[in-house]
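**Student:** Predicted model follows, preceded by the sequence.
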Amino acid sequence: MTPGIERDSRSVEHASNDALTPRQQQILERLAREGQLAVDPLAHAFDVTPQTIRRDLGVLCERGLARRRHGGIERPPGGYNLGHSQRIMLARTAKQAMAASVVAEIPDGATLALGIGTSVVAVAEALLARRGLRVITNNLQVAQALSTHPDVAVQLAEGQLRPQDLDVVGSATVAFFARHQVDIAVLGCGGLDAGGLLDFDPEEAAVSRALVHHAQRRILVADASKWGRAAMCRIAPLEEIDLLVTDELPHQPDYRSALEAASQQSLSVRFTA
C-alpha cells in the first residue's frame, strides 16, 4: 500500500434517500465516479429492461443531476456546481462512511472549523457522538445538524447568504475565520487535481483557504468523484492538508502520483471503500 495511505474498514449505517429509488441512487453514484453511463450496460447490471433504465435516467436529468447524451447520460458540466438539494443526493453512502472516519479523528473538547459542502454536513451529523466541542462554521446545514446537540457550542460566521447553497461567504466570512485559531478544520472542495484542491467560486475558495490557514490540523473530506472536476478556483496544494478522507483512490496515474508525492511530506490518506 502507498506510504501514508490507509484503508478504514469502519462500518456505518447508511440512511436511505427518500428522493430517489435505491436503483436511481446507485446509478447516480456510478455517474459520480465514472462521468458517463450508457443505457444497455446499466440494464444488464441491474437486470431490468432498457425502458426501465431510461425512466430512471429521465428522473435524474429532470432533477438536474445528470445531462442526456446519445445512448445514456453524463455528469452536468463541471464549470458550475449543483445546488445543495442536488449535491446532497450524490455519493450519499460514501459521505456517511467518510464522516464516520473523520469523527474518529476528533477528540472530545476540540475546537473545530467546519466549512462548505454536503460532505462536511455529513461530518456534523456524525459529531453527535462527541462532547464538549466548540464549532465555528459558515455552513447553515452544519449549524442545523448541531443545533440539538446538548454539548456543542456553535458560532455562525457573518457574511452574504447564498440560499441555494445554504451557507454564507464573502470578505466578512473570511475575516471571521481569520480571527479564530482552531484545533481542527474540516473542509470539502469542488474538485481535485494533481495541483490540489479546487472550488467553483472565488468566494468559496477564499473561505476554504481561511480554514486551511487558521487550524492546527486540516482534514479534507472528498469522495472520488471530485478528481478531475473542472472547478476553476485554486484553494491549496495537497501538501497543505494533513489528512484526506475519501471513499476510494483515483484511477488516473497522475493523480495517484500527486497523492504519493504529498504523502511523502505532510499528507495522510485514508479511504473507506
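**Tutor:** The structure has been received and is ready for your questions.
**Student:** Break down the stretch 101-250 of the chain into its helices, ranges please.
**Tutor:** Applying DSSP state H, counting those that start in this stretch to the stretch 101-250 of the chain gives helices spanning 118-126, 140-146, 171-178, 202-213.
**Student:** Would you format those helices as JSON lines with mean pLDDT, distance to residue 192 and mean neighbour count included?
**Tutor:** (Each C-beta comes from the backbone N, C-alpha and C, glycine too.) JSON lines is the format used below for the helices of the stretch 101-250 of the chain (pLDDT from 0 to 100; distance: least, CB to CB, whole Å; neighbours: other CB atoms under 10 Å):
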{"stretch": "helix 118-126", "mean pLDDT": "94", "distance to residue 192": "12", "mean neighbour count": "25"}
{"stretch": "helix 140-146", "mean pLDDT": "95", "distance to residue 192": "21", "mean neighbour count": "21"}
{"stretch": "helix 171-178", "mean pLDDT": "97", "distance to residue 192": "22", "mean neighbour count": "18"}
{"stretch": "helix 202-213", "mean pLDDT": "96", "distance to residue 192": "13", "mean neighbour count": "22"}
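**Student:** among the ones you listed, which is nearest residue 107?
**Tutor:** helix 118-126 (14.2 Å; CB to CB).
**Student:** How far does that closest one sit from its chain's centre?
**Tutor:** 9 Å (CA atoms, centre = their mean, to the nearest Å).
**Student:** ok, now stretch 258-273?
**Tutor:** With CA atoms, centre = their mean, you get 17 Å for stretch 258-273.
**Student:** And that stretch, what's buried?
**Tutor:** 258, 259, 262, 263, 267, 268, 269, 270, 271, 272 (16 or more other CB atoms under 10 Å).
**Student:** hang on, isn't the second one packed against residue 250?
**Tutor:** Yes. Using CB atoms under 8 Å, residue 259 and residue 250 qualify as a contacting pair, with a distance of 7.4 Å.
**Student:** Tabulate the helices of the stretch 101-250 of the chain (JSON lines), appending distance to residue 238.
**Tutor:** Shown next, in JSON lines, are these (distance: least, CB to CB, whole Å):
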{"stretch": "helix 118-126", "distance to residue 238": "17"}
{"stretch": "helix 140-146", "distance to residue 238": "24"}
{"stretch": "helix 171-178", "distance to residue 238": "21"}
{"stretch": "helix 202-213", "distance to residue 238": "11"}
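**Student:** what's the closest of the ones you listed to residue 51?
**Tutor:** helix 118-126 (31.8 Å).
**Student:** Which residues does that closest one contact?
**Tutor:** 84, 87-88, 90, 95-96, 98-100, 102-103, 114, 135, 137, 139, 141-142, 145-146, 186-188, 221-223 (CB atoms under 8 Å, 6 or more residues apart in numbering).
**Student:** Restrict it to CA atoms and write it as PDB.
**Tutor:** Extracted in PDB, the C-alpha atoms of helix 118-126 (Å, rounded to 0.1, in the frame of the first residue of the first chain):
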ATOM      1  CA  THR A 118     -22.600  18.400   1.900                       C
ATOM      2  CA  SER A 119     -19.700  16.100   2.900                       C
ATOM      3  CA  VAL A 120     -19.000  18.500   5.800                       C
ATOM      4  CA  VAL A 121     -22.700  18.300   6.700                       C
ATOM      5  CA  ALA A 122     -22.400  14.500   7.000                       C
ATOM      6  CA  VAL A 123     -19.500  15.000   9.400                       C
ATOM      7  CA  ALA A 124     -21.600  17.400  11.500                       C
ATOM      8  CA  GLU A 125     -24.300  14.800  11.700                       C
ATOM      9  CA  ALA A 126     -21.800  12.200  12.900                       C
END
